[in-house]
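S.K.: structure here, sequence nowhere to be found:
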């Protein structure tokens, strides 16, 4: 299911973030059964990498949207300046 896949992606992200290939909460080592980086689609890679992005309130388009409490629609997103929209490189 989508929920299971999301949980698997989160587990893989935490594993990669910690530098451990094998890890669980109680310290016992076990193989990461859910996913490895080779199993991911392009969209899943984008999702995984974006999990590491943090936008403070008012920072970047997501932060500005959060600060205003309103949705911001960006037209022609494929033409954006990559210096302002760093994730656009990943999306392409």
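M.R.: Everything's here; your move. Please read these numbers as outputs of a predicted model, since none were measured by experiment. Numbers count the residues shown, from 1 in each chain.
S.K.: so which bits of the longest helix along the chain are buried?
M.R.: Taking DSSP state H as the criterion, the chain has its longest helix at helix 2-18. By neighbour count with 16 or more other C-beta atoms under 10 Å, helix 2-18 contains the buried residues 8, 9, 11, 12, 13, 15. From N, CA and C alone the C-beta is placed, and that goes for glycine too.
S.K.: helices or strands next to it in the packing?
M.R.: helix 42-50 (3 or more C-beta pairs under 8 Å, 6 or more residues apart in numbering; DSSP states H and E).
S.K.: which regions of this structure lie under the pLDDT threshold?
M.R.: 20-35, 82-84, 89-92 (pLDDT under 70).
S.K.: nearest to residue 67, of the buried residues of helix 2-18?
M.R.: Of all these, residue 67 sits closest to residue 13, with 26.0 Å by C-beta to C-beta.
S.K.: what sits against that closest one?
M.R.: Contact analysis of residue 13 by C-beta atoms under 8 Å, 6 or more residues apart in numbering lists 48, 51, 52.
S.K.: look up how far residue 69 lies from it.
M.R.: To residue 69, residue 13 is 28 Å away according to C-beta to C-beta, to the nearest Å.
S.K.: with residue 41 instead?
M.R.: To residue 69, residue 41 is 33 Å away according to C-beta to C-beta.
S.K.: next one: residue 19
M.R.: Counting by C-beta to C-beta, the gap from residue 19 to residue 69 is 37 Å.
S.K.: turn the buried residues of helix 2-18 into a markdown table, columns for distance to residue 65.
M.R.: Converted to a markdown table, the buried residues of helix 2-18 look like this (distance: C-beta to C-beta, whole Å):
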| residue | distance to residue 65 |
| --- | --- |
| 8 | 28 |
| 9 | 23 |
| 11 | 28 |
| 12 | 27 |
| 13 | 23 |
| 15 | 30 |
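S.K.: what is the nearest of these to residue 59?
M.R.: residue 13 (21.3 Å).
S.K.: please name the nearest non-neighbouring residue to residue 61.
M.R.: Closest residue to residue 61 in three dimensions, ignoring its sequence neighbours and counting by C-beta to C-beta, 6 or more residues apart in numbering: residue 72, at 5.9 Å.
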